[in-house]
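Trainee: Just need the structure, nothing else, for what follows:
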Amino acid sequence: MYNYLAAHPDVFMPRTKEPTFFAQDLDEGKRGDNRLFTRNLDEYLALFSDWRGERRVGEGSVWYLYSKIAASQVKKFAPDAQIIIMLRDPVEAMYSLHAHFLANGSEELDSFEEALRVEKDRANGRRVPKRAYVVKGLLYTEVVKYASQVERYLDLFGHERVLVLIFEDFAVDPASAYRRVCDFLDVDQTFRPTFERANPSRVVRSRLLRNILRFHPTPIGNRLRLGPIRKSWRRLKRALLAMNEKPQARSPLDPLLRAELARQLAPDVVRLSRLIDRDLVAFWNFPDPDGASVDGQSRGPHGS
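Mentor: Residues are numbered from 1 along each chain as shown. The predicted structure is shown next:
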C-alpha cells in the first residue's frame, strides 16, 4: 500500500518507507535499531523536503501500531492526521514476522516453534540474538494482539479518522482496497497504480555475507566521509544485499501449532472484531471462546 500511495499524484510519501520516528519506546540503541529509527526531528522533516504541494503527505512505519507511545506522539505532531491500519490474520502475521527477522538476521532460531518457546526468556532479556533490532518485536504473540493497539488510535483520533483494512481483502482485491483508501484521504479515486506485488517471502543465500554487510563495520564504509561517495557505497551495499536474497515461499505452518495459537489469540480477535464491527473470528477461522459471534448470536461449539 505504501508503494501504491507513493505512486498517486495527490499523495507524497518519502523514499524512506519506515522512518519509525514516533516509536522511540521500541528503540534500544542496537546496531539494527540505528538503521531503522530516525531519531532527530530535523532528519525526520528532511525526509519530506521533496514535497511539491501534493494534497496528502504520509509515511508507512509499521511499528507505530505495536508502539505504546506512537499514537500519542503522532497526535501531538499532527492532531488532524488520518491513520491507515492494515491487519493480517495474527497467526500468519507472526509466522511471517519470524521469517522476516530470520532473513535479515534479527532472529537466529530457524524453528518458529522454538522462537515461541523462548518468548518469556526474551521478555526478561535472555536468549536475545546479538544482531536483533526492535527486540520487543521478538515477542511474536504480543506483536499480534491488535485490539489494544487499534483502540489507542480510535480513542485518540476517532473512528472517522482511522481506516482499518484487512490484509486478506487487500491481497484478493487490491483495487477495491485502494479505492477505499483514496476515498478516505479524499484524493482522486480514478487513479490506478500497477498493483505490482511487493515484499515477497524471501531467504538469504549466504548468512555470512549478509552479516558482513549488515552488521560489521567495513573499512570502506567506515572511512568514507564525503557525502556522494558514501551514498554510492550505501547503494552498492543495498544492491549486494538484494542479490544475496531469493524469493522462497514459507513452508505451511503446522496445523496443530496454528490451532493452538488461534486458541490463545481468539479472545483478542473477539475484542478486535467488536472494536471495528467486523466478525474477524469467522473471517480468520478462529475459535470463538464465548461461542458467540460479534453481534452476540450463537456460532455453535466450534465457532463455525
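Trainee: Going by C-alpha atoms from here, please, whenever you check contacts or count neighbours.
Mentor: Fine.
Trainee: Any regions of this structure where pLDDT drops low?
Mentor: Regions of the chain meeting the criterion pLDDT under 70 cover residues 199-231, 233-234, 237, 240-242, 244, 246-248, 291-304.
Trainee: how about a cut-off of 80?
Mentor: 197-250, 290-304 (pLDDT under 80).
Trainee: could you pull out the helices for the stretch 101-250 of the chain?
Mentor: The residue ranges that make up the helices of the stretch 101-250 of the chain, judged by DSSP state H, counting those that start in this stretch, are 112-117, 119-123, 140-143, 146-157, 167-172, 174-185, 207-215, 219-223, 227-243.
Trainee: neighbours around the closest residue to Phe22 other than its chain neighbours, how many?
Mentor: Ranked by CA to CA, 6 or more residues apart in numbering and with sequence neighbours excluded, the top spatial neighbour of Phe22 is Ala70, at 4.8 Å. The tally of other residues near Ala70 (other CA atoms under 10 Å) stands at 22.
Trainee: Surely Ala70 and Val62 touch.
Mentor: No - using CA atoms under 8 Å, Ala70 makes no contact with Val62, being 10.7 Å away.
Trainee: Give me the most central residue, the chain.
Mentor: Against the mean C-alpha coordinate of the chain, by CA atoms, centre = their mean, the closest residue is Val62 at 3.5 Å.
Trainee: how about it, what does it touch?
Mentor: Listed by CA atoms under 8 Å, 6 or more residues apart in numbering, the contact partners of Val62 are 18, 20.
Trainee: I'd like to know how many residues surround the closest residue to Leu257 other than its chain neighbours.
Mentor: When the adjacent residues along the chain are set aside, Leu257 lies closest to Glu113, with 7.9 Å between them (CA to CA, 6+ apart). Glu113 is surrounded by 13 other residues when neighbours are defined as other CA under 10 Å.
Trainee: end-to-end on stretch 181-190?
Mentor: Start and end residues of stretch 181-190 are separated by 12 Å (CA to CA, to the nearest Å).
Trainee: again, but for stretch 270-290
Mentor: In terms of CA to CA, the two terminal residues of stretch 270-290 are separated by 9 Å.
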